[in-house]
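In: My questions are about this predicted structure, shown below with the sequence.
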Amino acid sequence: MTAAITSAPAVRRTAGARQLAGTGTLLRFNLRRDRVMIPIWVAVTALLVLSLPGSLESVYSTPAERADIARQMLTNSSLRATYGPVFSDSIGGLTAWRVGGYAAILAGVMSLLVVVRHTRDEEESGRQELISSAMVGRRAPLTAALLTALVANATLALLIAAGLAGQGTSGALALGLGIGGVGAAFATLTAIVAQFTESARLAKGLTGGLLGVAFVLRAAGDSATNDGSSALTWLSPIGWLENLRPFADERWWVLGLFVAATVVQGFLVYELAGRRDVGMSFVAARPGPPTGRLGTAGALAWRLQRGSVLGWSVGFLAAGVAFGGLTKGAADLVGDNAKTREIIERMGGQSGIEDAFLATMVGMFGMVAALYVVSSVLRLHAEETSQRAEPILANAVGRLRWAGGHLVIAFGGAVLILLLSGLGLALGYGEELGPLLEASLVQIPAVWVLGGLAVLLHGGSPQLSVGAWGVAGFALLVGWIGPALDVPQGVLDLSPFGHLPKLPGGTMSWPPVLILTGVAVGLVSAGLAGLRRRDLSA
């Protein structure tokens, strides 16, 4: 009996090791599968942060100008809700204020995509069951998925810390670790959500909704206080990053909140994962209607993507209202800074600051809508690689009808969310509904071009589909940061958005709109032709 008691801890350790058998192999496999997606997300997010100090130095070149913008943020609740309060008027402090929260959101999105892809997506496709039949521990796939997300976030944190070290080593390290901490917290939160859903699509939607709630809590808290002390701010991981205060007498203890959230959520997800079967969930999916609402390929595409369309629609409408409300305060944000006014007018193409600000916001909504259309088009890729497309195409449904159902949702959904963004801007601004709707519709051809490119890449080869994210990220990066860095017009013209007329307030020009529309039609046609000729991926 004594021998049995003595050997019990060793038995438990052995059992634990068996649970994690194969984790290293699966981690290497995951990193190989994500060798394109993760570098794109990390690079775009890091460049978004690292490109800002140079822009800020050119815009606010003197300490007095930087102190002035910091004072304005303390008194403007709308701007605090959008960007958060300013805790330091140094270049590093303004960088953390201006872009820290948005970089954290991107890290959270990257984490949810990685974790869902390697957990619920694998179970939904049946691949997880095949892997689990080999010499793989029960918790190895989950562990490898979380480690993949942690590797991505650690890389992002190191790049930001190294790139901003010139602004202050401790502040750069705090900002990098804070952004990575938000990503790690949402990685484990995503894994928890995945235990309760049978659908990868629903897991992404629910976690994305929680990420939106985190931003809203932070915004609501910061609109009420100017020092990040609101209880609502402290309820949000994005608010934790803010209260870490990079470049402003860092509060290193706040990092403990990220560690605690990641560890506690990780422990919970391991407990949950050990209590369910592969492919199952704690909340069973509801059965569909007994009679046919899915009689066509278009109806099926709508059923699969309606949640995404609804989420984007609500988000664009709410963001439009928020930014529309900031328009009348744009002059306060600019103040007497001629360089800031020049950048906004360069982005908006107008001499009047309010029209320029509105045109800038409309353009930003267009570039973000490109992310929607790419993700919606690539639903074709997910359906094909998961082998759900084959049973549909084995019936009396042609490839073009199948693809067309998804493309109608993708391209039509882009029109819908842009119209809602224009409506939101008009509601927040209080006037100019017609011009703002027109300005929003003008963005559609450029959005369609990027969607058409995604169709072309997928039609040519499913392995090339992920490249559409890189192109969309490049367009977003150039449009967002290019004017501030005063990059050459030739670089700005590489993005389809650089050719659109600047509305509202500018002169409508039809040739670029018609040309871009024709290019989009050509790309979609070429992509569908490629899809008809090639074999489906296994």
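Out: Perfect, thanks for sending it.

In: In the helix or strand hosting Arg71, which residues are buried?
Out: Secondary structure from DSSP states H and E places Arg71 in helix 63-75. Buried residues in helix 63-75, counted by 16 or more other CB atoms under 10 Å: Glu65, Arg66, Ile69, Ala70, Gln72, Met73. From N, CA and C alone the C-beta is placed, and that goes for glycine too.

In: Give me the average confidence score over it.
Out: Helix 63-75 shows a mean pLDDT of 76.

In: before we move on, the earlier item: and the buried residues of helix 63-75 as a markdown table, adding distance to Leu244?
Out: As requested, the buried residues of helix 63-75 are exported to a markdown table (distance: CB to CB, whole Å):
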| residue | distance to Leu244 |
| --- | --- |
| Glu65 | 25 |
| Arg66 | 20 |
| Ile69 | 21 |
| Ala70 | 18 |
| Gln72 | 23 |
| Met73 | 18 |
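
In: Measure how buried the nearest residue to Leu418 once chain neighbours are set aside is and give me the count.
Out: Distances taken as CB to CB, 6 or more residues apart in numbering place Ser440 nearest to Leu418, at 4.5 Å, with adjacent residues excluded. With neighbours defined by other CB atoms under 10 Å, the count for Ser440 comes to 29.

In: Verify the stated contact: Ser440 with Val415.
Out: No: Ser440 is beyond contact range of Val415, at 9.1 Å (criterion: CB atoms under 8 Å).

In: quick one on the thing from earlier: please tell me how far the residue nearest to Leu418 sits from Trp510.
Out: For Ser440, the distance to Trp510 equals 17 Å [CB to CB, to the nearest Å].

In: try Thr188
Out: Thr188 is 51 Å from Trp510, where distance means CB to CB.

In: the more surrounded of those two?
Out: Applying other CB under 10 Å to Thr188 and Trp510 shows that Thr188 carries more neighbours, namely 24 against 9.

In: So that one: helix, strand or coil?
Out: helix (DSSP: H, G, I helix; E, B strand; the rest coil).

In: and Ala529, what element?
Out: In this assignment (DSSP H and E), Ala529 forms part of helix 510-533.

In: my bad, should have said Val44
Out: Counting by DSSP H and E, Val44 is part of helix 37-50.

In: Need the contact partners of that helix.
Out: Applying CB atoms under 8 Å, 6 or more residues apart in numbering, the contact partners of helix 37-50 are 31, 95, 99-100, 102-103, 106-107, 109-110, 113-114, 148, 151-152, 155-156, 159-160, 163-164, 175, 179, 466, 469-470, 473, 476-477, 480-481.

In: Can you tell me which of those are classed as buried?
Out: Buried, going by 16+ other CB under 10 Å: 95, 99-100, 102-103, 106-107, 109-110, 113-114, 148, 151-152, 155-156, 159-160, 163-164, 175, 179, 466, 469-470, 473, 476-477, 480-481, out of the contacts of helix 37-50.

In: so Gly325 makes contact with Gly428?
Out: Yes: checked against CB under 8 Å, the pair Gly325 and Gly428 is within contact range at 4.0 Å.

In: from the middle of its chain, how far away would the helix holding Val44 be?
Out: 11 Å (CA atoms, centre = their mean, to the nearest Å).

In: in that helix, what counts as buried?
Out: By neighbour count on 16+ other CB under 10 Å, the buried set for helix 37-50 is 37-38, 40-50.

In: residue ranges with poor pLDDT in the stretch 351-500 of the chain?
Out: 351-352, 481-487 (pLDDT under 70).

In: where exactly do the helices run in it?
Out: Using DSSP state H, counting those that start in this stretch, the helices found in the stretch 351-500 of the chain span residues 353-377, 379-385, 389-393, 399-429, 433-442, 444-460, 467-485, 489-492.

In: Would you format those helices as TSV with distance to Ile238 included?
Out: Shown next, in TSV, are the helices of the stretch 351-500 of the chain (distance: least, CB to CB, whole Å):
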stretch	distance to Ile238
helix 353-377	18
helix 379-385	28
helix 389-393	37
helix 399-429	21
helix 433-442	27
helix 444-460	27
helix 467-485	19
helix 489-492	30
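
In: Show me which of the ones you listed has the highest average neighbour count.
Out: Most buried of the helices of the stretch 351-500 of the chain, by mean neighbour count (mean count of other CB atoms under 10 Å): helix 444-460, with a mean of 26.

In: got the residue ranges for the helices in the stretch 1-150 of the chain?
Out: 2-19, 23-33, 37-50, 52-59, 63-75, 77-83, 91-118, 120-125, 127-132, 140-163.

In: can I assume Gly171 is in contact with Ala161?
Out: No: Gly171 is beyond contact range of Ala161, at 9.4 Å (criterion: CB under 8 Å).

In: And the two? Which one has more around it.
Out: Counting neighbours by other CB under 10 Å for Gly171 and for Ala161 shows that Gly171 has the greater number, 25 against 21.

In: Could you check which helix or strand contains that one?
Out: Going by DSSP H and E, Gly171 is in helix 169-195.

In: quick one: the helix holding Arg71 to chain centroid distance?
Out: 30 Å.

In: Tell me what angle it forms with helix 91-118.
Out: Angle, helix 63-75 to helix 91-118, by axes from the mean of the first three to the mean of the last three CA atoms, to 10 degrees: 60 degrees.

In: okay, the helices of the stretch 1-150 of the chain in a markdown table with distance to Gly405 next?
Out: Shown next, in a markdown table, are those (distance: least, CB to CB, whole Å):
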| stretch | distance to Gly405 |
| --- | --- |
| helix 2-19 | 42 |
| helix 23-33 | 27 |
| helix 37-50 | 25 |
| helix 52-59 | 41 |
| helix 63-75 | 47 |
| helix 77-83 | 37 |
| helix 91-118 | 23 |
| helix 120-125 | 20 |
| helix 127-132 | 25 |
| helix 140-163 | 31 |
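
In: Nearest to Leu450, out of those?
Out: In terms of CB to CB, the element of the helices of the stretch 1-150 of the chain nearest to Leu450 is helix 37-50, at 14.3 Å.

In: Need the phi and psi values for Phe276.
Out: To be clear, residue 276 is Arg; Phe isn't right here. Backbone torsions for Arg276, taken as degrees, to the nearest 10, come to phi -140, psi 160.

In: Could you tell me the per-residue confidence at it?
Out: 76.

In: swap in the one 3 residues further on?
Out: We note a pLDDT of 61 for Gly279 in this prediction.

In: thinking again about what came up before, can you tell me which of the helices of the stretch 1-150 of the chain is nearest to Leu433?
Out: With CB to CB, the closest approach to Leu433 among the helices of the stretch 1-150 of the chain belongs to helix 77-83: 20.6 Å.

In: contact partners of the closest one?
Out: Contacts for helix 77-83 (CB under 8 Å, 6+ apart): 72-74, 97-98, 101, 219-220, 222-224, 226, 322-323, 325-326, 329, 333.

In: Out of those residues, which end up buried?
Out: Neighbour counting with 16+ other CB under 10 Å marks 72-73, 97-98, 101, 219, 222-223, 226, 322-323, 325-326, 329, 333 as buried within the contacts of helix 77-83.

In: First-to-last residue distance for stretch 44-61?
Out: Using CA to CA, to the nearest Å, the end-to-end distance of stretch 44-61 comes to 26 Å.

In: cool, and stretch 230-247?
Out: 21 Å.

In: Show me which residues of it are buried.
Out: 230, 232-234, 236-247.

In: how many neighbours does the closest residue to Ile69 other than its chain neighbours have?
Out: The shortest distance from Ile69 to any non-neighbouring residue, by CB to CB, 6+ apart, is to Tyr60 (6.2 Å). Tyr60: 21 surrounding residues under other CB under 10 Å.

In: what's Tyr60 sitting at in phi/psi?
Out: Note on Tyr60: its backbone torsions stand at phi -110, psi 80 [degrees, to the nearest 10].

In: My read is that it contacts Leu94, right?
Out: Yes: with contacts counted by CB under 8 Å, Tyr60 reaches Leu94, the gap being 7.1 Å.
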